[in-house]
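> Give me a model of this one.
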Amino acid sequence: MNTLTFYGAAGGVTGSKHLLTLDQAQILLDCGTFQGLPDIRERNRSLPFPPDSIDYVVLSHAHLDHCGMLPALVKRGFKGPIFSTPATRDVAFHMLSDAAGIEVQDADYRQRHHIGSPDDREPQFTIDDIRPTIDRFTGIPYVREAKQWHEIADGIRLKFYDAGHILGSAVTVLEFSVGGKPFRLAYTGDVGPSDMPLLHNPEVPEEEIDLLLMESTYGSRVHQPLEQSLDRLAQTITTICKRGGKMIVPAFSLGRTQMFVYIVHKLTDEGRIPRFPIYVDSPLASDITDVHHAHQGNYDKETAEDFGEGHGPLAFRNLTYTRSVEESKGLNDAKGPLMIISASGMMTAGRVVHHLRHSISDPANAVFITGYQAQGTLGRRLVEGAKRVELYGDWRDVGAEILLFNEFSAHADSVQLQRYAESMSGIKRVALVHGEPSQADDLKNQLAAAHSDWEVLRPNEGDVIEL
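Model prediction:
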């Protein structure tokens with residue numbers, strides 16, 4: 001029997017793991033970490049299947065909720081290849097190396113404070129496990145470059161289309177046989193919005209698709225048009241500069257940071273905002289930006305139009321990338337106007353929490369929230385209007401402006417998701433994943449109402465679909 005089993009990111013956003021069981025192989029689509037509340041993160045202590053039972057992994061992109069458990073999978077017995085785009089492979093090295101450092105730090109904390117059982121106090125993986133994981137990666141180019149199928153096993157073929165979400169992100173199309181007939185499954189991973197800076201728009205598979213496995217992060221939300229959002233951002237930045245405020249931008253080191261740098265670079269060059277100091281305070285973001293420089297072939301044509309051939313969009317004269325702890329601490333005493341772009345994107349840890357600790361009570365300052373904030377995170381509490389928050393053991397009143405710019409998210413909104421699905425041909429079933437139940441259910445109802453001939457599913461974790 002050929003089945004698809006949902007082990008994560010079904011009835012929730014994170015922990016992406018979708019297991020395709022075919023007559024000839026078991027293929028795992030993504031192997032990500034759960035993120036959010038502590039009890040949710042504890043679920044990363046184990047895997048829901050024997051690692052050595054998996055024959056192949058197909059990785060959509062290198063965000064940790066899609067790739068963060070790969071070192072544990074390899075360490076516990078997975079021996080097969082991991083298929084991804086070349087850029088995803090290069091980005092994953094830095095993302096997983098950083099995750100290994102955090103894993104060791106967390107384990108050390110559990111050991112010193114005797115938290116959990118002795119087994120739970122050990123790190124799931126260390127930096128020594130990263131290179132053996134990366135060595136299992138096999139880079140497969142986008143269809144626009146290779147224009148062909150890649151046979152990954154007898155009777156199983158693979159194509160990658162650009163998902164437009166982050167550097168290297170891919171929409172996977174797998175072709176295999178079910179009941180003696182060709183069957184094609186498309187898995188979007190995360191889909192980017194249309195017409196965003198830096199990367200290509202999401203590419204639509206040219207094959208007929210039997211089953212579409214699609215994300216639904218913003219399944220009931222509609223983003224503002226980009227130019228309208230840029231006007232609002234430019235006006236906001238100008239206002240805060242005039243009052244001498246600090247702008248704290250919590251941003252994921254991968255994707256959101258580079259996109260936001262692109263935007264403020266463009267606004268500065270066009271004279272729509274003042275030229276003032278901007279800092280990217282994240283060693284990981286600096287490493288990821290270096291990977292972007294190495295894969296400029298993945299940039300869209302508008303990048304060259306905006307900045308000219310040979311001029312990088314991610315560097316300009318009032319932008320500084322900081323790496324050392326001393327440089328980071330120095331920013332806390334610096335006077336505004338200035339902007340600090342720093343991880344983590346949901347404000348759960350990292351340097352951005354220190355910057356918030358020093359700036360969140362001052363009404364001259366502002367916090368720019370540029371993407372999805374999971375339940376249980378500091379970012380979610382600020383979005384929901386918290387007046388007082390705990391930051392590394394200290395309670396602080398929230399005096400700074402909390403400004404939402406979800407339109408700069410790297411996720412497509414509900415209209416774009418529906419349009420993307422409708423651009424494909426042959427669809428018989430759609431399964432919505434990577435969304436909170438309310439978001440996924442709204443998108444399900446939207447798609448079902450528009451397409452009575454589609455079977456639209458919203459699976460929960462543990463559900464199994466027979467192909």
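> For the rest of this, base every contact and every neighbour count on C-alpha atoms.
Will do.
> ok, how many other residues are close to Tyr187?
23 (other C-alpha atoms under 10 Å).
> gap between the residue nearest to it when sequence neighbours are not counted and Leu29?
Excluding the flanking residues, the one nearest Tyr187 by C-alpha to C-alpha, 6 or more residues apart in numbering is Leu213, at 4.6 Å. Distance, Leu213 to Leu29, by C-alpha to C-alpha, to the nearest Å: 10 Å.
> out of those two, which sits in the busier spot?
The residue with more neighbours, out of Leu213 and Leu29, is Leu29; 25 against 21, by other C-alpha under 10 Å.
> Which helix or strand contains the residue nearest to Tyr187?
strand 211-215 (DSSP states H and E).
> tell me the mean pLDDT for the next helix or strand after that strand?
Downstream of strand 211-215, the next assigned helix or strand under DSSP H and E is helix 226-242. Averaged across helix 226-242, pLDDT comes to 94.
> List the neighbours of helix 226-242 that are in contact with it.
195-196, 246-247, 267, 272-274, 336-338, 364-366, 405, 407 (C-alpha atoms under 8 Å, 6 or more residues apart in numbering).
> ditto for stretch 285-303
87, 90-91, 94, 167-168, 197-200, 252-254, 257-258, 280, 312-314, 321-323.
> Next, work out how far apart Ala10 and Glu455 are.
Counting by C-alpha to C-alpha - Ala10 and Glu455 are separated by 17 Å.
> For those two, work out which one has more neighbours and name it.
Set Ala10 next to Glu455 and count neighbours by other C-alpha under 10 Å: Ala10 wins out with 28 against 15.
> picking up where we left off before, each with direction, which strands does the strand holding Leu213 pair with?
Partners of strand 211-215 in the sheet, by DSSP bridges, are strand 181-187 (parallel), strand 429-433 (parallel).
> For Leu391, which of the ones you listed is the nearest?
Nearest to Leu391 among these is strand 429-433 (32.1 Å), distances taken as C-alpha to C-alpha.
> CA atoms only for that closest one - export them in CSV, please.
Extracted C-alpha coordinates of strand 429-433, given in CSV (Å, rounded to 0.1, in the frame of the first residue of the first chain):
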residue,chain,number,x,y,z
ARG,A,429,-6.6,16.2,-3.8
VAL,A,430,-5.0,19.0,-1.7
ALA,A,431,-3.7,18.4,1.8
LEU,A,432,-3.0,21.6,3.8
VAL,A,433,-0.1,21.5,6.3
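> what's downstream of that strand, the next helix or strand?
helix 437-450.
> on contacts alone, who are the packing partners of that following helix?
Applying 3 or more C-alpha pairs under 8 Å, 6 or more residues apart in numbering; DSSP states H and E, we find helix 437-450 packed against helix 414-422, strand 429-433, strand 455-457.
> please redo it, this time with the cut-off set to 7 Å
strand 455-457 (3 or more C-alpha pairs under 7 Å, 6 or more residues apart in numbering; DSSP states H and E).
> Quick check: mean pLDDT of the strand it packs on?
Strand 455-457 comes out at a mean pLDDT of 98.
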